[in-house]
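K.L.:
just need the structure, nothing else, for what follows:
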Amino acid sequence: MRLGGWGRATESRAVLEQPRSPGAVAEVLASSGRRGVVARGLGRSYGDAAQNAGGRVLAMTGLRRVRAFDPATGVVVAEAGCSIARLLRLVVPAGWWLPAAPGTRFVTLGGAVANDVHGKAHHREGSIRRAVRSLELLTPADGVVVVTPATTPRLFAATLGGLGLTGIVLTVTLQLRRIETSWMRVRTERAADLGEALGLMARDEPAPYSVAWVDCLATGRSRGRSVLTWADHAGLEELPSSWARRPLRLAPRQWLAVPPGVPDGVLGRRLAAAFNQARFARAPSGGTERLVPLAGWFWPLDAVRGWNRLYGPSGFVQYQLAVPDGAEAVLERVVSSLARARCPSFLAVLKRLGAGGGMLSFPIPGWTLAVDIPADRPGLGRLLDGFDDLVAEAGGRVYLAKDARLRRGPFEAMYPELGAWRRVRERVDPSGTLQSDLGRRLGLDDPTSAVAGRTAASVAAGGRDA
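P.N.:
The predicted structure is shown next:
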């Protein structure tokens with residue numbers, strides 16, 4: 001069947017397997033064939049990380065049980081196909097929270113591990129690797145291996161962020177974080193331009209969570225104007241009495257669904273400009289504080305089912321970059337270039353990052369900017385290629401979980417531990433059983449093979465070679 005990424009700009013054909021037990025996973029791994037196999041969760045990687053043209057793809061959502069949960073200590077053991085949404089329905093009412101929750105709850109734990117996901121408090125709390133106590137990892141060479149940061153540090157560092165190419169995660173053991181309520185205390189203010197936003201976010205704020213929405217269409221003195229929010233988990237004493245009766249209630253809703261068949265061009269520049277103007281004007285200029293339901297603050301887009309279809313059948317590219325402290329000029333140049341190119345972007349998010357960890361993990365101490373752009377935008381490939389070169393030269397990188405078109409040269413410059421990762425992979429998978437479209441495109445699993453099918457590289461270029 002055809003499988004694609006969340007951005008809907010990549011597609012390739014593969015045999016989809018749906019195992020219901022670890023034994024069934026092992027059987028598929030043992031008979032994967034020349035084109036190999038890759039695991040897939042809920043399909044929320046934006047590009048081609050969970051695709052495998054001409055090979056097999058393991059849909060891991062059949063293994064979704066929570067095997068054990070200790071409400072006294074917050075330690076939980078869950079299968080790789082368990083979604084963050086499913087896990088939190090169990091643990092939040094007991095007063096526990098998953099550190100490093102990503103921007104959607106519709107992600108499997110196996111996918112979260114494979115991409116070493118980070119949240120809005122990475123500069124304080126790090127990525128999900130800090131919460132992982134151990135993994136059960138099915139490797140082609142050694143079978144099931146218990147992976148921990150203490151006993152198998154190199155395999156742990158290669159697997160967290162390793163894109164599913166060091167083994168298939170079967171179970172994840174996590175240490176959760178205690179919370180008193182399912183509410184967030186949120187403070188919002190706005191910045192007149194990107195420089196002011198960077199200055200405000202660089203302050204040592206007491207709130208652990210911070211994020212800024214950036215207007216990438218504004219020009220002149222308003223270029224990069226932003227709406228900033230800081231947040232922390234609210235304590236029980238902060239809730240009104242009516243809410244305090246059920247302080248840990250978690251009831252996220254999907255109140256809108258995007259119909260299929262949305263034509264390309266609906267989200268054009270004029271609509272994006274009007275949306276950005278309204279969002280900036282609605283934000284308070286002096287800062288204000290309020291209580292917000294946990295789900296509404298962490299996952300606002302989850303309220304709209306199928307929001308990725310708003311970009312039409314050609315899909316979209318999410319370009320997410322990270323640059324170190326001191327390279328803020330790269331962010332300024334990227335935002336300026338997007339404004340000059342009049343790229344319609346409804347979602348541009350700026351966050352602080354702390355130290356990384358995994359060999360192919362995305363975060364580095366500094367900044368990350370993520371921008372959604374329609375994939376059929378003319379000249380998009382040339383524009384993003386230029387961004388890649390800027391980012392690589394500054395010592396930054398592109399997030400592989402979101403990527404659909406990065407070239408090998410900039411990729412190898414961005415990830416200095418690539419050689420160490422390849423050595424670990426050669427040991428646990430010497431025959432190259434674990435393969436993916438992203439791996440072939442970037443030379444991770446089979447440098448001599450080209451990706452078959454409709455790749456995002458040509459689509460994202462808007463008709464140009466990328």
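K.L.:
look at Leu267 and report its pLDDT.
P.N.:
Each residue has a pLDDT score; the one for Leu267 is 64.
K.L.:
tell me where the stretch 301-450 of the chain has strands.
P.N.:
With DSSP state E, counting those that start in this stretch as the criterion, the stretch 301-450 of the chain has strands at 304-305, 316-324, 348-353, 366-374, 397-398.
K.L.:
figure out how far the third one is from the centre of its chain.
P.N.:
How far strand 348-353 lies from its chain's middle: 12 Å, per CA atoms, centre = their mean, to the nearest Å.
K.L.:
then the last one?
P.N.:
Put simply, strand 397-398 sits 13 Å off its chain's centre (CA atoms, centre = their mean).
K.L.:
repeat for stretch 415-428
P.N.:
In terms of CA atoms, centre = their mean, the centre of stretch 415-428 is found 22 Å from the chain centre.
K.L.:
check stretch 199-207 too.
P.N.:
Counting by CA atoms, centre = their mean, stretch 199-207 comes out at 23 Å from the chain centroid.
K.L.:
dump the strands of the stretch 301-450 of the chain to TSV, plus mean neighbour count and distance to Leu380.
P.N.:
From N, CA and C alone the C-beta is placed, and that goes for glycine too. Output for these, formatted as TSV (neighbours: other CB atoms under 10 Å; distance: least, CB to CB, whole Å):
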stretch	mean neighbour count	distance to Leu380
strand 304-305	14	24
strand 316-324	25	7
strand 348-353	22	15
strand 366-374	24	6
strand 397-398	26	15
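K.L.:
okay, now the unreliable bits of this protein?
P.N.:
264-278, 280, 285-287, 445-466 (pLDDT under 70).
K.L.:
nearest to Val77, out of the strands of the stretch 301-450 of the chain?
P.N.:
strand 348-353 (28.9 Å; CB to CB).
K.L.:
what's that closest one packed up against?
P.N.:
Of the remaining helices and strands, those touching strand 348-353 by 3 or more CB pairs under 8 Å, 6 or more residues apart in numbering; DSSP states H and E are helix 122-125, helix 194-201, strand 209-214, helix 328-340, strand 366-374.
K.L.:
tabulate those (JSON lines), appending distance to Ala49.
P.N.:
JSON lines is the format used below for the helices and strands packed on strand 348-353 (distance: least, CB to CB, whole Å):
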{"stretch": "helix 122-125", "distance to Ala49": "20"}
{"stretch": "helix 194-201", "distance to Ala49": "29"}
{"stretch": "strand 209-214", "distance to Ala49": "24"}
{"stretch": "helix 328-340", "distance to Ala49": "23"}
{"stretch": "strand 366-374", "distance to Ala49": "16"}
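K.L.:
quick one, which of the ones you listed is nearest to Ile84?
P.N.:
helix 122-125 (15.5 Å).
K.L.:
how about the closest one: buried residues?
P.N.:
For helix 122-125, the neighbour count (16 or more other CB atoms under 10 Å) marks His122, His123, Glu125 as buried.
K.L.:
and the last one, how far is that from Ala100?
P.N.:
Relative to Ala100, Glu125 is positioned 6 Å away (criterion: CB to CB, to the nearest Å).
K.L.:
next one: Gly164
P.N.:
Gly164 is 18 Å from Ala100, where distance means CB to CB.
K.L.:
in the sheet, who's paired with Gln175?
P.N.:
Val75 (DSSP bridges).
K.L.:
what about it, how many residues nearby?
P.N.:
Neighbourhood size, Gln175 [other CB atoms under 10 Å]: 15.
K.L.:
wait, it sits on Ile128?
P.N.:
No - using CB atoms under 8 Å, Gln175 makes no contact with Ile128, being 10.9 Å away.
K.L.:
what residues are shared contacts of Glu125 and Ala100?
P.N.:
Gly119 (CB atoms under 8 Å, 6 or more residues apart in numbering).
K.L.:
what about Gly143, how many neighbours?
P.N.:
Gly143 has 11 nearby residues by other CB under 10 Å.
K.L.:
leaving aside the residues next to it on the chain, what's closest to it?
P.N.:
In space, and not counting its chain neighbours, Gly143 is closest to Ala26: 7.6 Å by CB to CB, 6 or more residues apart in numbering.
K.L.:
and the one you found, helix, strand or coil?
P.N.:
Under DSSP: H, G, I helix; E, B strand; the rest coil, Ala26 falls in the helix class.
K.L.:
just checking, what packs against the host helix or strand of Arg185?
P.N.:
Here Arg185 is covered by strand 183-191, with elements defined by DSSP states H and E. Using 3+ CB pairs under 8 Å, 6+ apart, the elements in contact with strand 183-191 are helix 194-201, strand 226-233, strand 288-293, helix 294-298.
K.L.:
okay, the ones you listed in CSV with distance to Thr73 and mean neighbour count next?
P.N.:
Compiled in CSV, these are given as follows (distance: least, CB to CB, whole Å; neighbours: other CB atoms under 10 Å):
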stretch, distance to Thr73, mean neighbour count
helix 194-201, 34, 18
strand 226-233, 19, 21
strand 288-293, 26, 14
helix 294-298, 21, 20
